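Sequence first, then the predicted structure:
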Amino acid sequence: MTMKIYSPKQNKRGSRAQALVEFSIALPVLMVLLVGIMEAGRMVMMYALVTNASRDAVRYASAAGKSDDGVTKYEYCAGIRKVAKDSAFILNLQDSDITISYYHGMSSTAFATCPVPSPSGAYSVDINSSCKDNTSCDRVKVEVRATYSPVIKLIPLGTRNFKSATTRTILGIYDLPNH
């Protein structure tokens with residue numbers, strides 16, 4: 001009695017060709033799936049960067065105090081734009097992608113906007129920093145825009161425009177004693 005030992009060389013004829021055909025059918029599906037995951041990830045990342053840039057910039061603009069240049073933070077347009085650009089440095093934002101507006105109280109109409117680009121960085125804004133309730137406080141709004149377009153146009157993800165606008169109450173200026 002002889003026992004038959006399995007050997008890869010004894011495979012049925014054509015099984016290697018069958019595996020090659022199956023792989024060539026599955027490869028395009030896997031590639032489309034992989035590219036789709038990467039592009040969707042890029043799109044979600046861009047959305048998150050735009051949102052975080054507007055939040056960080058408005059947080060800087062509403063903070064009490066002065067910038068390193070001695071300008072009040074809410075009036076320092078170049079500084080506000082720099083914070084937004086630094087927060088989303090991957091997107092390479094331009095000054096025209098960032099809009100800074102100021103509002104009196106709960107008004108929906110802006111009374112001032114930072115010029116694009118601001119020559120000196122400072123912008124004179126008449127802010128009501130002595131607010132007694134939330135309806136009389138002045139607010140700053142930073143809007144950041146960016147456009148997503150897919151790198152590989154293998155899947156039907158078209159160009160998308162992302163915009164995030166964040167508003168915060170301006171805290172005003174508090175002179176702290178130096179100790």
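Cool, the structure landed.

which secondary element of the chain has the worst mean pLDDT?
When the helices and strands of the chain are compared on mean pLDDT, DSSP states H and E, strand 112-113 comes out lowest with a mean of 86.

Check which helices and strands that one sits against.
In this structure, strand 112-113 packs against strand 98-103, with contacts taken as 3 or more CB pairs under 8 Å, 6 or more residues apart in numbering; DSSP states H and E. Yep, even glycine has a C-beta here, placed from its N, CA and C like the rest.

helices or strands up against the strand it packs on?
Counting contacts by 3+ CB pairs under 8 Å, 6+ apart, the secondary-structure elements packed against strand 98-103 are helix 15-62, helix 77-87, strand 112-113, strand 139-148.

Switch the ones you listed over to CSV; also include mean neighbour count and distance to Gly158.
Output for these, formatted as CSV (neighbours: other CB atoms under 10 Å; distance: least, CB to CB, whole Å):
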stretch, mean neighbour count, distance to Gly158
helix 15-62, 15, 11
helix 77-87, 22, 26
strand 112-113, 16, 31
strand 139-148, 22, 9
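
Relative to Asp97, tell me which of the ones you listed wins on proximity.
Nearest of these to Asp97, taken as CB to CB: strand 139-148 at 5.0 Å.

Any chance you could list what contacts the helix or strand following the closest one?
Towards the C-terminus, the helix or strand next in line after strand 139-148, according to DSSP states H and E, is strand 160-169. By CB atoms under 8 Å, 6 or more residues apart in numbering, the list of residues contacting strand 160-169 from outside reads 43, 46-47, 50-51, 53-55, 57-59, 61-62, 103, 131, 134, 137-149.

List the pairing partners of strand 160-169 within its sheet, with orientation.
Take DSSP bridges as the rule and strand 160-169 pairs in its sheet with strand 139-148 (antiparallel).

Can you show me the CA trace of the partner strand as PDB?
As requested, C-alpha coordinates have been extracted for strand 139-148 and formatted as PDB (Å, rounded to 0.1, in the frame of the first residue of the first chain):
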ATOM      1  CA  ARG A 139     -19.200  89.700  18.900                       C
ATOM      2  CA  VAL A 140     -16.600  88.700  16.400                       C
ATOM      3  CA  LYS A 141     -17.200  86.200  13.600                       C
ATOM      4  CA  VAL A 142     -14.500  84.300  11.600                       C
ATOM      5  CA  GLU A 143     -15.500  82.500   8.500                       C
ATOM      6  CA  VAL A 144     -13.100  80.100   6.700                       C
ATOM      7  CA  ARG A 145     -13.600  78.700   3.300                       C
ATOM      8  CA  ALA A 146     -11.700  75.900   1.300                       C
ATOM      9  CA  THR A 147     -12.400  73.900  -1.800                       C
ATOM     10  CA  TYR A 148     -11.900  70.100  -1.900                       C
END
